[in-house]
Each structure stands twice: as structure tokens, then as C-alpha cells.
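[1] generate coordinates for the sequence data below:
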Amino acid sequence: MIHSGMGPTHVINFLSTCNIPPIDTTTLKKKEKEISASIVKQAKESCRRAREEEMDAISDQLECSFDAGWQTRGSGCQYNSSTGHASIIGAQSGKVLEFDVRSKTCRVCQYHFDRNETVPNHNCTSNWSGSSKAMEPDMASAMLYRMKEDGCEVQTIHADNDSTTAARLRNDFPSLQKKQDKNHLKKNLAKQLYKLAKDHKQLKPTGTISYVTRCLMYAISSKHNSEEELTSKLERVVPHMFGDHSLCAEAAWCTYQKNPKTFRFKHLPKGQPLSGDQLRAALDNITENFKGMASQLQKLGSTQSNENFNNIVASKAPKNRSYGSTASLVTRVSAAVLQKNVGYTYIEEVNKDILLSPGEVSKKHGISMDKKKLWHKKKHASVSFKRRRLLLKKRQHWRESANYVKEGKTYEQGISSADVNPCDIEALPGKRNFTGDENMVVFDLETTGLSRNSDIIQLAAFDGKEELNIYISPSQEITNKASEITGLKYDFESGCMFSGGQKVECIDIRLALLKLIDYVSKREKPILVGHNVLSFDIPILSKKLQEHGLLQEFLRHVSGCLDTLRLARKLFSKETVGNYKQQTLVQVLLGKSYQAHDALADVKNLYELFVSKFTFKETDAFPFNFHVLQKSFVPLVERKLISSANSRKLANSGLGLGHLSLAYQRDNQEGVKFILSEHGFNAKTSKGINLYFEKQEE
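    Predicted coordinates:
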């Protein structure tokens, strides 16, 4: 129960779920108390052995790392945990040399206080009455005193700068030296830079803060023989980032000297240096602070072992469960000490100490877990693993940045719906992916003429099961040729339409469009299929939807379009079919004839032809608003920033200039690159579009 981080309630829930009669809570707590004494005793004994091992491993000074942990998560501005634990870990052995626990409350005392009863004799867990923050220096001092009394005086300690621990320890241990934790230093530096980014937009592009952090940390972490050498390395960093390489002659990491003409910053926007006097002054101020700490930064330490120990404690005493005011917390921290020092086989030793069977299964599992732990440790220390970890981290960061550019603002602390600009939350179209289960709706129009300004007089759709056939009253005369082809005539005086000489019911265009939207919306984002629809049907239908304010509603219900004329030209040679008219394709490929230019007959026959003879890929599909998207790129084509062919490809992928403008607003050049690279466009296209946006800003 203790080893797995469970409490009595969780054990009972687990057993009852497995249909095993559960143990009574009182019995579990009683057994826990019996085992606790053995676990605490063995944890202290393991610390004593670890101190001996550490002393044998050193030749001069005893060097350790210190850190504390809490049983309540801190909010970043408020720390009110009623309990805390701390550890001192040897730099050579990596084992816990000493540990301590502080608690403000005791559940037994509180129980009797609430009932105005006399508190009975018990093992009280309350040993602290000060603030939560003051626990850390107190535990550090107490542990160091105990180690000194045991003949293991610590000369150097690794600790972070998040508390006054070091300052308080100097009063009690004047000769004690402190090394700053490298990871905490890097984290605090990043926090300062993110704070600066609120006032300096140049730090906001993806990767900029990471680059500045790496440059400063490289100067601090690299080997140096004196404070002057460290100061000299720090002095190069800010001028380098602002394009001044006069101090970089001795810096192997700066490649400017190799070829000044072609040098570009790999991790800064547009490959250009940072600029701005205020930003430079702010970064110089950070550098000056580091130079003032040169004596402390000359040799850095690490509290990674303590962080690992805190994670083990969190697995024994999870922060979302309350063990703080009971004796169970000390037991669980002690179990974490044993796991850190001895390994998973500590369970076998505890069982022996309390006169229980060591347990063959427990023993085998402990040995297996210890082997696995050593294998992981060796693997994680390898250069190849670290390189792969950095690569995966880079890919993850790239994906997150790309998703932000596509999705816009999805979560932001303290923001209300009134503060959100609709453009900030508009999702950009991603790459089109077909599963093979898409719904297909074949549609066709008959119009008053062959012009794109013609009116629609018949609209038909078919999905293989349900048909839609609507005759529409036009606002302009049907040309003789159109009437001859379709067999449709309209009498403006009587408001009647005739098909093949027979009267048919016709309705208003807006009502017809609403019926089409209703028909399409009942299918899950279907693909619209038609013959020669890209050049004729879609522009006319799109125009009518736009005129009646229904285009955006229609776009919500369709996932794309396919033109069977374009597909036929790819799939069948002209020698095979003769020509690519729909009537000819049906006759040649299906061996049947029908009455062409009746919209309903057209869609039914085209559906049969498409399902039985056509295949398609994602690249064959195009958005319904293709022509609108392509038209948006006209300014770039006129300025020869992109080709006309590329504008068609961009529109075919569902991207318009408005989409790319949003991507640029969200992450500048990188935002445009993210979106275009996902759709398969090369760097040349990105460069032309980014150049257009840069000129627009000027």
C-alpha cells in the first residue's frame, strides 16, 4: 500500500473491484503502524551507510545537493503547504545522506481539539509552527547539524536561489560553500526573458527566447579558469545577438568570421540580428547581473538528484491525497529514501525485519525493477539518447507552434469572450485527408445561358439513395440555345415553367438554395461531385449563394469538391473514350444512353459512373470557394512574388491570402512557413508571401 502510493480507501476500492473481499480500514491502519517503525528505522540506517560510502568516495571535501518538496502544489505566488520534506544527497554516490519532514498539523490532536477533549498520548506529527516557506532553511540547518555530529561535515552544497536557505546556513556554518543549481538558473533566466517579451515584440517569435537563453547559458556553463574569463564570455553574447561580432574572434561558436557575407542567424527571425536600444539595454542589464555573480557562476552545481527524490516521494504520497497530518507521511518519505538508496528490493528487507516472508514474487519484481532502472540510467546518459530527446523536443515544439498558428487563441488566462477578436480564434484549414468513407453528393445545374452570370433554372442532387430536383423561376430570359439543350422554357406573364412542353412547379431561387443547404446538411460533410463544375456550375452557384448571404452557411456543410471532367482526363485516354462529355463517358464506360441536360438524369447517371469507374486522391479535390481563394492571390501574382500556377495550388489546398495573413499575424514568417510546409509548399513560395506581408507592414 505504502510502496504503491495508495491509502486504505484505494486498497479497499481495488480489492472490491477485483471481487476480492476487502480488508477493514482499521486493520489496514493498524498494520501500517506496525510496518512504519521498520521502514523509518531502515531508511535511517540506509542514510548512515550512504554517508560512509560517500566519505570513502571523496578525497577532500564533502559535496552534497539540497532541495525541499511540498505536499501541496504551489500556485507560484502563494505557498501554504502544511507539510514539507527535504533531502541531502551525495554528489558522488547519488544517495540520500539525510532527510527530514516538517508538519504543522496532527490529525489526532485536531480530532480531540474539535471535541474539546484531552489529547491522549500518541506519536504527534506536528513539529513546526512557522510559515511554510521557513520550513526549507530549518530542515537544511537541522540535517547539516546531524551530519556534522555524525562526523560528516558538508563543505559544499548545491542549492537553488528560490529561498534564503544559503544566507541562513552561512550564519550557522561560516565555512560552507554554495554552488548554484544550473537548471534553476536557466529556468529563472527564461522567466526574465518571457517577462521582457511583453514589452519587446522581437522576443516573441518562436525560438527567439530559447536562442537567447542558450547563448547566455553556454557562456556560463562552458569551462573557464577565472572570473575574468567568464565575464569576457558574457560580454560577447549581447553584441553578437545584435550583429556586432567584434568580440567574437575567439568564440568558436560564432561562425561569422568564416564567411561574413553569407552569415545569417539560424534561430532568429529572417536570419537577422536583434535590434532596438531598449531591448539591448534590458539584455545588457541581465548580463551585468550575471557578471556581478561571476564568482558564484564559475562552478555550478545540480539538484537533479533531489528532484528525482521528490518525484519518488510524490509517487508514495501523491499531492492530491492528504497524508500530511498523519504519521503515514514520515513512513512514505522513508520508503522513498529506501527506494532511492537501496532500490526496489527494500521491500524484501522490510518483510524480513518484521518477521514476514520475503516473498518470492516481491523479490523477483524488485530485482527486475532495479535492472530496468540501471538500464534506463545508462540509456539516458548516452549521447545518442540525449540527441534524440532534443530532436523529439524540437519536433514537439514545432508541432505545437504549427497548431497555434492554425487554431489561433484557444486558451488564455483571464481572457473573456468580449476581449476576443474573431480573427484570433479563426481556425486555418489543415491538410485535407480522406479516409475512404466520405459521403458523396453529385449535383448539376441547368441555366438560362452559357454565361457565368446566367440564372439557375434547374438544380438536382443525388447521393445514391435520395434525390433532390428543383425547378427555379429565373429573373432573365432563357436563351434559345439553352432552351433547345435543356428543353426548359419559362413564361414571365404566367410565371410558369415548362419542361419538354409539360408544366412543372418552380420556386424562388432563395428557397431553392435553402432546400439545397438542408439536403447537404443531412449528410456528414459530403464531397460535392459534378461534371465541369469547377469552370461552370460552382462559380454560378457560389455567386447565387453569395447574393443571398448563404455562402458561409453552405461552406460549413461541405468538405470539398471533385470535378469528373478533370478526373476523366487523368484516368482515361482520349483514344479510349473519344471525348470527355458526360453523355459520351456514360455511353462508352457504362454502355448505356440517356437524356442528357436534364439535371436529374445527369446526376443519377454521373453517380453510377463515378462510383463504378472513377478513383481519386486528396489532391484531386478542391474547396467550393476555389475561385474566391485564387482571386485573393492576384496582388502577389501581379508583383511576381508567386506564379499563377502556385496561386491555383494554394487555392486548391483551401488556403487564401486571408488565411496566410492570419498565420503571419500569429507568428510572423514562421507562421506562414508552418502552414505552407504542412500543405507541401517549398521555401520559395513562403519567401514570396512573407516578402509581400513585410512590404505591407512598411
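[2] what ranges do the strands span in the chain?
    63-70, 83-90, 96-103, 156-159, 177-180, 440-447, 456-462, 467-472, 488-491, 496-499, 502-504, 506-507, 527-530, 560-563 (DSSP state E).
[3] would you turn those into a markdown table with distance to Lys574 and mean pLDDT?
    In this view, the C-beta of every residue, glycine as well, is placed from N, C-alpha and C. Converted to a markdown table, the strands of the chain look like this (distance: least, Cβ to Cβ, whole Å; pLDDT from 0 to 100):
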| stretch | distance to Lys574 | mean pLDDT |
| --- | --- | --- |
| strand 63-70 | 76 | 91 |
| strand 83-90 | 79 | 93 |
| strand 96-103 | 81 | 94 |
| strand 156-159 | 79 | 90 |
| strand 177-180 | 77 | 87 |
| strand 440-447 | 23 | 93 |
| strand 456-462 | 28 | 94 |
| strand 467-472 | 32 | 94 |
| strand 488-491 | 31 | 90 |
| strand 496-499 | 33 | 89 |
| strand 502-504 | 37 | 90 |
| strand 506-507 | 39 | 92 |
| strand 527-530 | 21 | 94 |
| strand 560-563 | 17 | 93 |
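[4] deepest of these, which one?
    Looking across the strands of the chain with neighbours counted as mean count of other Cβ atoms under 10 Å, the highest average goes to strand 83-90: a mean of 27.
[5] mind putting the strands of the chain in TSV, distance to Phe385 included?
    Converted to TSV, these look like this (distance: least, Cβ to Cβ, whole Å):
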stretch	distance to Phe385
strand 63-70	23
strand 83-90	23
strand 96-103	26
strand 156-159	24
strand 177-180	26
strand 440-447	49
strand 456-462	57
strand 467-472	60
strand 488-491	73
strand 496-499	74
strand 502-504	74
strand 506-507	69
strand 527-530	45
strand 560-563	43
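[6] number of residues surrounding Tyr607?
    Per other Cβ atoms under 10 Å, the neighbour tally for Tyr607 reads 19.
[7] hmm, I typed the wrong one, I wanted Ile517.
    17.
[8] tell me the pLDDT at Gln92?
    On pLDDT, Gln92 comes in at 91.
[9] about what we covered before: of the strands of the chain, which is nearest Ser677?
    Ser677 sits nearest to strand 560-563 of all those, at 21.0 Å, using Cβ to Cβ.
[10] on contacts alone, who are the packing partners of the closest one?
    Strand 560-563 sits against strand 527-530, with contacts defined as 3 or more Cβ pairs under 8 Å, 6 or more residues apart in numbering; DSSP states H and E.
[11] to Ser368, which of the strands of the chain lies closest?
    Ser368 lies closest, by Cβ to Cβ, to one member of the strands of the chain: strand 96-103, at 22.8 Å.
[12] hmm, who's touching the closest one?
    The contact list for strand 96-103 (Cβ atoms under 8 Å, 6 or more residues apart in numbering) reads 43, 46-47, 50-51, 54, 64, 82-90, 125-128, 135, 138-139, 142-143, 146-147, 152, 309, 324-325, 329-330, 333-334, 337, 340-341.
[13] just stretch 673-683 next, same as before
    Residues outside stretch 673-683 that contact it (Cβ under 8 Å, 6+ apart) are 398, 401-402, 405-406, 428, 430-431, 646, 649-650, 653, 655, 659-660, 663, 667, 685-686, 689-690.
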